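K.L.:
sharing a model prediction with you, sequence too.
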Amino acid sequence: MQSLSVSMLTICGISELPDQKERAVTHVLSILDPDHPDPEAFGAYDPHHRTILRFHDIINPIEGMILPQAEHVEAVLRFGDEVAAGRAQRTEGHLLVHCHMGISRSTAAMLTLMAQSTPDESEDRLFERLVEIRPQAWPNSRMIAFADDYLSRNGRLVDALRRHYGRQIGRKPEFAKWMQDLGRGREVEMAA
């Protein structure tokens with residue numbers, strides 16, 4: 001993310017947040033379930049810029065749950081703009097994006113931020129970089145579809161996501177069962 005002046009990118013789950021406090025985090029994007037308390041781990045972090053978004057990790061409507069919406073992805077992109085706007089004030093930065101497990105919402109948000117900051121990078125290369133950061137990445141397909149639209153990728157991010165899902169299932173076949181069990185079978189069916 002050179003254009004964001006962020007030299008380190010981290011994705012993690014809530015349980016991993018205490019392990020990140022010594023890593024000079026400058027920017028945090030927290031994606032939490034609406035009723036989840038704010039993680040206490042941030043009290044031990046050095047001062048940082050933080051944005052909190054609250055919605056569930058689902059791809060189909062479920063009564064009583066908040067489905068990722070276009071405005072959530074807009075908020076991710078605004079966060080990216082804020083990070084980019086502050087680049088003149090620092091030479092380096094460390095961006096941490098987390099959700100509950102560090103697998104779906106956070107990886108979709110990080111991919112969105114990477115695509116925003118490197119608009120000429122190929123979609124497949126973005127997913128390769130994402131896996132380098134978080135090998136278990138399974139980005140929320142609904143969020144990626146919104147990002148594709150907002151970033152004018154003309155379906156290329158969604159097509160690359162299909163290939164990514166296929167690679168992830170090939171690498172760890174248990175992903176297919178996990179996602180099916182979580183009500184995310186449509187993503188398994190998307191895999192190319």
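P.N.:
Everything's here; your move.

K.L.:
could you list the low-confidence segments of the chain?
P.N.:
For the chain, applying pLDDT under 70 flags the ranges 1-6, 87-91.

K.L.:
show me the beta-bridge partners of the closest residue to residue 75 other than its chain neighbours.
P.N.:
Spatial nearest neighbour of residue 75, chain neighbours left out: residue 53 (5.6 Å); criterion: CB to CB, 6 or more residues apart in numbering. C-beta: built from backbone N, CA, C; applies to glycine. Here residue 53 sits in beta bridges with residue 31, as judged by DSSP bridges.

K.L.:
residue 53 against residue 33, yeah?
P.N.:
No: using CB atoms under 8 Å, residue 53 is not in contact with residue 33; the gap is 10.6 Å.

K.L.:
how many other residues sit next to the residue nearest to residue 75?
P.N.:
19 (other CB atoms under 10 Å).

K.L.:
ditto for residue 54
P.N.:
Neighbours of residue 54 under the rule other CB under 10 Å: 13.

K.L.:
state the distance from it to residue 79.
P.N.:
Distance from residue 54 to residue 79, counting by CB to CB, to the nearest Å: 14 Å.

K.L.:
one more: residue 108?
P.N.:
13 Å.

K.L.:
now residue 72
P.N.:
11 Å.

K.L.:
do the same with residue 19
P.N.:
The value you get for residue 19 to residue 79, if CB to CB is used, is 22 Å.

K.L.:
and what of residue 73?
P.N.:
Here the criterion is CB to CB. By it, residue 73 lies 10 Å from residue 79.

K.L.:
with residue 112 instead?
P.N.:
Taking CB to CB, one finds residue 112 at 9 Å from residue 79.

K.L.:
on that earlier part again, neighbour count for residue 19 and residue 79, which is higher?
P.N.:
Per other CB under 10 Å, whichever of residue 19 and residue 79 has more neighbours is residue 79, with 23 against 11.

K.L.:
quick check: that one vs residue 50, distance?
P.N.:
9 Å.

K.L.:
what's the neighbour count on residue 30?
P.N.:
So residue 30, with other CB under 10 Å, has 21 neighbours.

K.L.:
I figured residue 10 hits residue 97, correct?
P.N.:
Yes: counting by CB under 8 Å, residue 10 touches residue 97, with 7.4 Å between them.

K.L.:
these two: who's more crowded?
P.N.:
Taking other CB under 10 Å, residue 10 and residue 97 do not tie; residue 97 has more neighbours (28 against 20).

K.L.:
now do the contacts for that one.
P.N.:
Residues near residue 97 by CB atoms under 8 Å, 6 or more residues apart in numbering: 9-11, 28-29, 31, 106, 109-110, 113.

K.L.:
in a strand, it, correct?
P.N.:
Yes: secondary structure assignment (DSSP: H, G, I helix; E, B strand; the rest coil) places residue 97 inside a strand.

K.L.:
tell me the bridge partners for it.
P.N.:
Going by DSSP bridges, residue 97 is paired in beta bridges with residue 11, residue 29.
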